[in-house]
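Visitor: turn this into a structure:
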Amino acid sequence: MGQIKHIPNILSALRILCSLLLLALQPLSAMFLGLYLICGASDVLDGYVARKTNSTSSLGASIDSVADVVFITVLLVVFLPILQLSLWVICWIAAIALIRLGSLLVGYVKYHALSFLHTYANKATGLALFSFPFLYSISGLTTTSIIICGLASCSAIEELLINIQSKELLRDDAGWMFRK
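Guide: From the prediction side, this is the model:
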């Protein structure tokens, strides 16, 4: 049973490794999309397995959050140069990044820890980001940018406000809409 408890962390570490390997592949090639799907599957499975095996931990939550940041950063590095984003989209992405960094800074000062939160808004944003290649092929760049940046803005602002207002770090805060 002890070894099973490590599986969620191994899945998160796998996401970090696979994310970094994406940098070496041709964007949107079959190999890229296959590895991309492994990253997505590991993101879904790590939390699920941790909850089912009663092996959730603050270390595991931190590794999961770092894996998410690595994956998103890699996607930005891969896709931003090949997409012809409008200046307003680039500014919007930069503003979201600044809000996220501000939230982490507030959390670190208050809690002396990385304060990535697992809110439903953050999960929805993660799903939208993961769906980018598919949304892009269906809806085009402008609509996809609005959908993803809109969700990311809401979740970033919510996370910042939660970190400002909370007295303690609650990584699994569902978010404001789900509070009683």
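
Visitor: how about stretch 131-146: buried residues?
Guide: 132, 133, 135, 136, 144, 145 (16 or more other Cβ atoms under 10 Å). Where C-beta positions appear, they are placed from N, C-alpha and C, glycine not excepted.

Visitor: now that stretch - C-alpha only, CSV.
Guide: Extracted C-alpha coordinates of stretch 131-146, given in CSV (Å, rounded to 0.1, in the frame of the first residue of the first chain):
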residue,chain,number,x,y,z
SER,A,131,-8.4,22.1,-25.0
PHE,A,132,-6.6,24.9,-26.8
PRO,A,133,-5.4,23.0,-29.9
PHE,A,134,-8.9,21.6,-30.4
LEU,A,135,-10.7,24.9,-29.7
TYR,A,136,-8.3,26.7,-32.0
SER,A,137,-9.0,24.3,-34.9
ILE,A,138,-12.8,24.6,-34.4
SER,A,139,-13.3,28.3,-33.4
GLY,A,140,-10.2,30.1,-34.6
LEU,A,141,-7.7,32.1,-32.7
THR,A,142,-9.8,35.2,-31.7
THR,A,143,-12.7,33.2,-30.2
THR,A,144,-10.4,30.7,-28.5
SER,A,145,-8.3,33.6,-27.0
ILE,A,146,-11.4,35.3,-25.6
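
Visitor: all the helices of this protein, residue numbers only.
Guide: 7-22, 30-52, 58-79, 87-111, 120-130, 132-165 (DSSP state H).

Visitor: got the ones you listed as TSV, with distance to residue 173 columns?
Guide: Shown next, in TSV, are those (distance: least, Cβ to Cβ, whole Å):
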stretch	distance to residue 173
helix 7-22	20
helix 30-52	15
helix 58-79	12
helix 87-111	12
helix 120-130	9
helix 132-165	6
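
Visitor: please identify which of those is closest to residue 178.
Guide: helix 120-130 (6.2 Å; Cβ to Cβ).

Visitor: residue contacts, residue 142?
Guide: The contact partners of residue 142, by Cβ atoms under 8 Å, 6 or more residues apart in numbering, come to residue 86.

Visitor: mind running it again at 10 Å?
Guide: For residue 142, the contact set (Cβ atoms under 10 Å, 6 or more residues apart in numbering) comprises 85, 86, 88, 89.

Visitor: go on, residue 103?
Guide: 115, 116, 117, 156, 157, 158, 159, 160, 161, 162, 163, 164.

Visitor: among those residues, who's most crowded?
Guide: For those, neighbours were counted using other Cβ atoms under 10 Å, and residue 159 has the most, 27 neighbours in all.
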